[in-house]
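Enquirer: Fold the following, please.
(4 chains)
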4 protein chains.
Amino acid sequence: MMSIIQVASHLTYQVESPASFIFTVAVAQNTHQTIQQEQLIINPLVPYEGFMSGEEANRSIRFALQPCTLTLDYTATIELSHTIHQPPQLDEVAYLNLPTDALPYLNPSRYCESDRLGRFAYKTFGHLPMGYARVSAICDWVFNHIDYVSGSTHGSSSACDVLVQGMGVCRDFAHLSIALCRALGIPARYVAGYAPELQPPDFHGFFEAYLGGNWYLFDATKLAPVGGFVRISAGRDAADTAFANIVGNVSLEKMEVSALSLTQNAPSPNSAVSTA
Amino acid sequence: MMSIIQVASHLTYQVESPASFIFTVAVAQNTHQTIQQEQLIINPLVPYEGFMSGEEANRSIRFALQPCTLTLDYTATIELSHTIHQPPQLDEVAYLNLPTDALPYLNPSRYCESDRLGRFAYKTFGHLPMGYARVSAICDWVFNHIDYVSGSTHGSSSACDVLVQGMGVCRDFAHLSIALCRALGIPARYVAGYAPELQPPDFHGFFEAYLGGNWYLFDATKLAPVGGFVRISAGRDAADTAFANIVGNVSLEKMEVSALSLTQNAPSPNSAVSTA
Amino acid sequence: MMSIIQVASHLTYQVESPASFIFTVAVAQNTHQTIQQEQLIINPLVPYEGFMSGEEANRSIRFALQPCTLTLDYTATIELSHTIHQPPQLDEVAYLNLPTDALPYLNPSRYCESDRLGRFAYKTFGHLPMGYARVSAICDWVFNHIDYVSGSTHGSSSACDVLVQGMGVCRDFAHLSIALCRALGIPARYVAGYAPELQPPDFHGFFEAYLGGNWYLFDATKLAPVGGFVRISAGRDAADTAFANIVGNVSLEKMEVSALSLTQNAPSPNSAVSTA
Amino acid sequence: MMSIIQVASHLTYQVESPASFIFTVAVAQNTHQTIQQEQLIINPLVPYEGFMSGEEANRSIRFALQPCTLTLDYTATIELSHTIHQPPQLDEVAYLNLPTDALPYLNPSRYCESDRLGRFAYKTFGHLPMGYARVSAICDWVFNHIDYVSGSTHGSSSACDVLVQGMGVCRDFAHLSIALCRALGIPARYVAGYAPELQPPDFHGFFEAYLGGNWYLFDATKLAPVGGFVRISAGRDAADTAFANIVGNVSLEKMEVSALSLTQNAPSPNSAVSTA
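Expert: Numbering: from 1, shown residues only, chains lettered A, B, ... in the order given. Predicted coordinates for the structure are as follows:
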């Protein structure tokens, strides 16, 4: 199944001192995502270095600027090739059989303290059928127990904070879900991306779990259909996938993000969407 | 209804340097508890100051010692006058009508971060019938979601830690229950005491909630019947009710605690036991 | 030494649902503070209950309202009778000799985790001369290591959070100082009050330490002279001294606080100011 | 400069249920470390998979076992080729010039919350000369402010916990140092290894910072000379470098670790040791 997604992000910064930037707003290229058209305009004109960052080869750029007003405009058209699976066939993979590059996604990370949540995870989800259904149950549980409240958390909030406080935003929903998956032995990683139908439009944070030999998309916020999600970057948690890392005295003035699906044949809500 | 309880605690310390001690092991005196007989033997003989400590007038003693072996033997026989209430009549008391000396027990304390748990508490217990049934539901929830594991927590563990880690000991069960009550607007306080039928015998930690005009006993560990609990001390949390506070280089060598009910007419497990 | 201070607070709330209120904005009455004139106007007219709250008998009022616009105007003129001591005479009081009502102020509390900070406190301040000089050293250390940044913390931030993050507001400076004092065996309590010369004018949070037989005022923010501080309320930490506790759907619309010293003979910055 | 190090680890486990194991005890192979001889004996005989784990290609093995007594004996002789640099030449590398594979080591990780420690780091170390001297100053500060106390922390303790509590073991010293480096913009990573002269002998945890174009060894515990350290594994923090990851009911019965330097020409304590 295929769909065409148009995405865009427009960022404006006031650069008050000499500053260095790394931006990661371009969509990832992989077998799941084909870039049909893509444009990046940076004003002022500045030479930049493009590079692959992190374990998941996120597409980043790096440059430096003197004080100025910086605008960055990114637009792209992406063809998504969904591999849709029927959930019942998706088992969890035994520790012995996990691909070795999935193993780091069992480790606790800054915002996903799976080492602390083992008992909680087993008491809450240990008795459930394993596989896709269990990860779905985690998403349902997070959706039901955590309120989506804009501004309720901050950059230092972690999965345990969110569990205690009962509220958060998309990154918090993803962090808690990831931590619970890892605590149960299911590799899970954070994904930042564009999400058609997200209201209000913004960068989105969701996650992937490794099941039955592939990574599958999940989103405990249920704010938009995962079948339309376009990956920008992936990593252990939000610490690895910031859309901007800036050194210097710089303030964000304006941010506009959009994502539009040009096709209507979205997968049904109950389908598993593989990203590879 | 009345019952007779015999309690004892025997403590042995190695005092390695000049040291100061405050012990709070004697049972409280109130309308609920009448002391029939009581004996405290401290060896070596040392003059001590008896005083009432904290908001709940816990019976403490204070003294100083040079290096030695210290033994403290406390025994008492207490007549408990239970006021047994039928749970359905016990409503929560509106904020406007709470006795003013119950108000501090709505505040968050060191080990009961009710300020962080408000949303969690309302999402989990907000829809339940108010009053005794709701506090019972909190105890049941804590009992079902937290495992009693000796040594699983330490002196700095708080209600939020226990919620995340899913395990704890009696003080942790009490702290989490108290924090959830306070978050819902129900005054709750920590009680340290002697508990017949507790296995293995030890000092016990439980709590009281203010309902329908009185304080009622609760114990989320369900390790022993609350009808036989003898209060030593009460306070905001375990920080207020340590059986020993010691300044100096002193090590606990031996601790034996016992509690025995001499009467058999314990209240049924579903009765509410008022302590005043 | 005496001084006359005029204080005022004006609060406006939108009450969206039936709501209950406890306000604690009136100045405390004690040997240190004599109220010459005082006026409280609540609009709409509502009968209220005045009562003493908490261990320190803070002057609180309680009432309920239907949806409306609520304004509360408090003004008072206070005569402060400072007892000024020369710092060198102020020793720390041995554990055995502390007045028993000071003992709870050695316990850790919600925002002052002195139980965790013992080693840090001893490594940083253990070698310093004891007494007034040591508490002053704690204030200096907090002043030098923590930045005052409006909005940098939130209601759940504690002394340990502030130590790690290196910034906070007045309540955070007080909490960290209190926690360090308690960790060293010096009773310390939180005080909320009015502070002449504070810029911008606001309610202020500071603390008292028990030294040489009295409680002495300290303020690690160094934002205003302690000699002019007027106590509203005191307690274990900010959890005990909120100027407003509200149950219901109510939003603060406006808050104006002022404090003016009518006398010029403020004590010199290096004097110890006792509040009893 | 070269040195020859002999290392060994002997592990005995009781395997109570069918279990899966990943061990990472073999020394790393890189331009800095040449393996002259190496032997791994696992009893019972079991086929195992060798693989490179994590971003740093740690040498891991994976296998499964039925209930039994498992012993794992690893011995190796390594030739270390130190590159010794004079500290003054080692500058910090500007954000724009950092090699892109060093960038993930600026991100906060599970046990190194550099995102929380930015202000603390700048207030404490921001004014110091940059480069090797600043990382050395961090190590000195950690050494002076944190006590090495066996058993004082647990698997969930993080850099912020250690800072507050003022004590820890080798992994805690490394985590706090790493977090402070990252907060200052210096890439830093955790290294697990063998350490001659460590008393008592054990696996050791230390760290590397990226300076002047290379990774340099540091150890804030100062328990053994870094010039003799043999790397087993590296990663973001201890979560990435466990010597054993086990799924199943398995208990460690015995662990013996040794490391012996066969050469005497250790680098002087003040030299910078590069690992590449």
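
Enquirer: Every contact and neighbour count from this point should use C-alpha atoms.
Expert: OK.

Enquirer: Okay, strands next: where are they in the stretch 1-150 of chain A?
Expert: A:2-15, A:19-23, A:33-43, A:49-53, A:58-65, A:68-81, A:83-85, A:147-148 (DSSP state E, counting those that start in this stretch).

Enquirer: With distance to residue C:169, mean pLDDT and mean neighbour count added, can I get these in TSV?
Expert: As requested, the strands of the stretch 1-150 of chain A are exported to TSV (distance: least, C-alpha to C-alpha, whole Å; pLDDT from 0 to 100; neighbours: other C-alpha atoms under 10 Å in any protein chain shown):
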stretch	distance to residue C:169	mean pLDDT	mean neighbour count
strand A:2-15	28	96	19
strand A:19-23	29	98	20
strand A:33-43	39	97	14
strand A:49-53	38	95	16
strand A:58-65	34	98	20
strand A:68-81	32	97	19
strand A:83-85	52	76	16
strand A:147-148	28	97	18
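
Enquirer: Tell me which of those sits nearest to residue D:59.
Expert: Nearest to residue D:59 among the strands of the stretch 1-150 of chain A is strand A:49-53 (23.0 Å), distances taken as C-alpha to C-alpha.

Enquirer: So what touches that closest one?
Expert: If you take C-alpha atoms under 8 Å, 6 or more residues apart in numbering or on different chains as the criterion, strand A:49-53 is touched by A:58, A:59, A:60, A:61, A:62, A:63, D:100, D:101, D:103, D:104.

Enquirer: contacting residues around the fifth one?
Expert: When the contact criterion is C-alpha under 8 Å, 6+ apart, the partners of residue A:62 are A:20, A:21, A:22, A:23, A:48, A:49, A:50, D:96.

Enquirer: Give me the distance between the residue lying closest to the second one once chain neighbours are set aside and chain C.
Expert: Pointing back at residue A:21 there. Counting by C-alpha to C-alpha, 6 or more residues apart in numbering or on different chains, residue A:21 lies nearest to residue A:246, which is 4.7 Å off, once chain neighbours are set aside. Between residue A:246 and chain C the distance, using C-alpha to the nearest C-alpha, to the nearest Å, works out to 20 Å.

Enquirer: what is residue A:190 paired to in the beta sheet?
Expert: Beta-bridge pairing of residue A:190 under DSSP bridges involves residue A:207, residue A:235.

Enquirer: Please verify my assumption that it contacts residue A:178.
Expert: Yes - contact status for residue A:190 versus residue A:178: in contact at 7.4 Å, counting by C-alpha atoms under 8 Å.

Enquirer: shared neighbours of the two, which are they?
Expert: What both residue A:190 and residue A:178 touch, as defined by C-alpha under 8 Å, 6+ apart, is the set residue A:207.

Enquirer: So those two - more neighbours on which side?
Expert: residue A:178 (36 against 28; other C-alpha atoms under 10 Å in any protein chain shown).

Enquirer: for the more buried one, what are its contacts?
Expert: Contact analysis of residue A:178 by C-alpha under 8 Å, 6+ apart lists A:112, A:188, A:189, A:190, A:207, A:209.

Enquirer: Can you tell me which of those has the most neighbours?
Expert: Each of those was scored for neighbours by other C-alpha under 10 Å, and residue A:188 scores highest at 34 neighbours.

Enquirer: ok, it - contacts?
Expert: A:105, A:106, A:178, A:179, A:181, A:182, A:207, A:208, A:209, A:210, A:236.

Enquirer: change it to 10 Å
Expert: Neighbouring residues of residue A:188 by C-alpha atoms under 10 Å, 6 or more residues apart in numbering or on different chains: A:102-107, A:135, A:174-175, A:177-182, A:207-211, A:215-218, A:235-237.

Enquirer: Can you report how many residues lie near the closest residue to chain B within the stretch 1-150 of chain A?
Expert: In the stretch 1-150 of chain A, the residue that lies nearest chain B is residue A:120 (5.1 Å; C-alpha to the nearest C-alpha). Residue A:120 has 23 neighbouring residues, counting by other C-alpha under 10 Å.

Enquirer: And residue A:121, how close does it get to residue B:134?
Expert: Distance, residue A:121 to residue B:134, using C-alpha to C-alpha, to the nearest Å: 25 Å.
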